[in-house]
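A.B. asks: Quick one, fold the following:
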Amino acid sequence: MRAAEIQEPGRPPLPADRAAPVPGPGETLVKVGAAPITPLDVLCASGTSYFGRPATPYVPGVQGVGTAGGRPVWFTTSAGMAPGDGSMAETVSVPTEDLVELPEGVDPIAVAALGLSAVAAHMALTWRGGLAAGEQVLVLGAGGVVGQAAVQLARIAGARRIVAGARSPAARDRAKQAGADAVVALDTDDVAELAARFAAVADGPVDLVLDPLFGPPAAAAARTLRAGGRLVNLGSSAAETCPIDSSTLRSRSLRLLGYTNNELSPEQRAAAITMVAEQAALGRLKVAHEIVALDDVERAWLRQAGGAAAGRIVLAL
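C.D. replies: Residues are numbered from 1 along each chain as shown. Below you'll find the predicted structure:
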């Protein structure tokens, strides 16, 4: 079979011919249709992550969409985090418990582009953030995959107004296309200036902030929250630390909450993926993405690693 192969940590994968996998006990063979190139894949393959140096050669890809027994499925793998191969191959053997059956007729590319990023957006908004219908939401990093999904998922959950923040003009355009009611430029680290921009377009105090950035944008967003408002952090794309002042926290009794997909049970993850796939099939949930062939995996990987991708890059297999 054909696959993408990491031959050395820190180097991009190359197309390769490999022996097809043979399922072991408790495993199911999946014919892969689409596999996204995600930041986690790049991190795992770098050899410098907290997972340690991966054994090479191996097939990367921590998630994918395909068919098993003729049924459409989404699946996850531990490629790069533990020995074994991942989703960027024509065929993969996956623990049966890691398969989620999808609705018939779903677009595998669309679901692969959404994947765990949309799961994070959905669960951070609802399960962790407690989003209720009629609330106002501020989404930071709204031009990214998580942010685009969060804007749409907040609308699906009944948010009355969604304010978005994004750095570049292209990212702001993606946030608008996702359906944000107002978009703020995150082109400064001046917390007071950013807070003023948010306040100018918000309809009064914000109820919930979804934050994959941290740093100055999160500090500014916290200043827009109502008394008892919530900020859910699920990333640090802007900075590992955040200059939130104590008076902002204490004066409004704010709640700062952390989120990670790793905290989800298999049942929660399966339910979230199913919801994401259903909304995608209805045309209510999508993110900017581009499709590449396996032969172009090296160049696509370098673009993802360098931040040059305009959305999620998905390998069609």
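
A.B. asks: Please report phi then psi for residue 285.
C.D. replies: When read as degrees, to the nearest 10, the backbone of residue 285 gives phi -150, psi 120.

A.B. asks: Grab the longest strand from the protein for me.
C.D. replies: The longest strand of the chain (DSSP state E) is strand 27-37.

A.B. asks: Residues contacting the helix or strand just after it, please?
C.D. replies: The helix or strand immediately downstream of strand 27-37 is helix 39-46, counting by DSSP states H and E. Residues outside helix 39-46 that contact it (CB atoms under 8 Å, 6 or more residues apart in numbering): 6, 9-10, 13, 49, 51, 54, 60-62, 79-81, 86, 301, 304-305. The C-beta positions use only the backbone N, C-alpha and C, and glycine is treated the same way.

A.B. asks: what's the distance between residue 30 and residue 122?
C.D. replies: Residue 30 sits 24 Å away from residue 122, going by CB to CB, to the nearest Å.

A.B. asks: ok, back up a step: from the contacts of helix 39-46, which land in helices?
C.D. replies: Among those, the members found in helices (DSSP state H) are 301, 304, 305.

A.B. asks: Pick the one among these closest to residue 110.
C.D. replies: Taking CB to CB as the measure, residue 110 lies nearest residue 304 of these, at 18.0 Å.

A.B. asks: from memory the closest one sits against residue 37, does it?
C.D. replies: Yes. At 4.7 Å, residue 304 counts as touching residue 37 under the criterion of CB atoms under 8 Å.

A.B. asks: and for the two, which residues touch both?
C.D. replies: Common neighbours of residue 304 and residue 37 (CB under 8 Å, 6+ apart) are residue 313.

A.B. asks: Of those two, which one has the most company?
C.D. replies: The residue with more neighbours, out of residue 304 and residue 37, is residue 37; 25 against 19, by other CB atoms under 10 Å.

A.B. asks: what does stretch 310-317 contact?
C.D. replies: 2, 4, 32-38, 61, 66, 88-90, 109, 112-115, 117, 145, 148, 170, 174, 287-294, 297, 300, 303-304.
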